[in-house]
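Novice: what's the 3D shape of this:
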Amino acid sequence: MRGREAPAQGPRRARLPVPTGEAPLPVPPGQGAPRIAVALGSGGARGLSHILVLEALDELGVRPTAMAGASIGALFAAVYSAGMPARDIRHLVSHTLRNRGEVMKRLLAARVGRLADLFGAGLGNPVLIDAERFIQGFLPANVPENFEELSIPLQVVATDYWERCERTFCAGPIRPAIAASLAIPGLIRPVQHDGHTLVDGGAVNPLPFDLLRGQADIVVAVDITGGHGGETRGVPAPFDAMFATLQIMASAIVGEKLKAGAPDMLVRPNVHDFRVLDFFRAAAILKAAEPVKDEVKRRLEAVLG
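Specialist: Numbers count the residues shown, from 1 in each chain. Alright, predicted model coming up:
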């Protein structure tokens, strides 16, 4: 774990013209291919759309020089940084989520409260899932024990509950860091790690592209915080209200970060109509997000040549 550092200042870069409405991507000086870093944001089930962005990189033959992630973005960034191709990630996720019985079995094994509280509309025990047991049940075996063993350097964001600040992990054990980054308040119990009590990284930095400044020529950030989840009238159920409010807060944080300095390439998959816990709608989420793959490929091809 380390503290936040001031971003390094890289060389000035020329820019290529792009279609109206899209920010031009920086073109590094010289003949070498640009270095690309990727930040994957928080957003629950909407984060399944991150897979499409990773597929675009694979199809272009691009390997990021660095990655950063918050919450669900940290999970997928860790799996990809461990060397699993995006197509294999898609297959694993789709296969797992098609088997509802197996998913329920793994959730039961990870619960610290009653499973009925997770899927009911009541106000039962809000502390439901043990994050580290959850990670143990769902994280692929190819992910190593320590950050140092990853093939791509990775930074994972969590929130220090008592210190009220961001904690960034890039060394040491991976699983507690991911578990902490995923610890959504009200759904997953906070994680005790390295002397700190940690919760969802999306509470402080839902799109951690700022951690990648100075580490690549092009920083790509995938934002999944916007949108309203389909329904736009009436009083939401308690669970929906809690998670949607967290998303509103995350979207506001991202908006302020973008005012201070945007990444070189910001992409927003079309997943706004899905809710945080819509994991069993994986096929629909992936279908809705499919156009983002062509967008990423088109915009990067302009600088890759």
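
Novice: output the contacting helices and strands for the helix or strand harbouring A179.
Specialist: Assigned by DSSP states H and E, A179 belongs to helix 174-181. Helices and strands touching helix 174-181, by 3 or more CB pairs under 8 Å, 6 or more residues apart in numbering; DSSP states H and E, are helix 72-81, helix 131-138, strand 154-160, strand 165-169, strand 191-193, strand 196-199. Glycine gets a C-beta too; all of them are placed from N, C-alpha and C.

Novice: please name the bridge partners of the nearest residue to A216 once chain neighbours are set aside.
Specialist: Nearest non-adjacent residue to A216, counting by CB to CB, 6 or more residues apart in numbering: A37, 3.6 Å away. Beta-bridge partners of A37, counted by DSSP bridges, are A66, V219.

Novice: from what I see, A37 and V220 are in contact.
Specialist: Yes. Here A37 reaches V220: they are 7.1 Å apart, a contact under CB atoms under 8 Å.

Novice: joint contacts of these two?
Specialist: Counting by CB atoms under 8 Å, 6 or more residues apart in numbering, A37 and V220 have no common neighbour.

Novice: note down every partner strand of the next helix or strand after the helix holding A179 and its orientation.
Specialist: Going down the chain from helix 174-181, the next helix or strand is strand 188-189, by DSSP H and E. Strand 188-189 pairs in its sheet with strand 129-130 (parallel), by DSSP bridges.

Novice: pull the contacting residues for R98.
Specialist: A282.

Novice: switch the cut-off to 10 Å
Specialist: Going by CB atoms under 10 Å, 6 or more residues apart in numbering, R98 touches F280, A282, A283.

Novice: ok, now D223?
Specialist: 39-43, 46, 73, 206-207, 209, 250-251, 254-255, 257-258, 263, 266-269.

Novice: just the buried members of the residues you listed?
Specialist: 39-43, 46, 73, 206-207, 209, 250-251, 254, 257, 263, 266-269 (16 or more other CB atoms under 10 Å).
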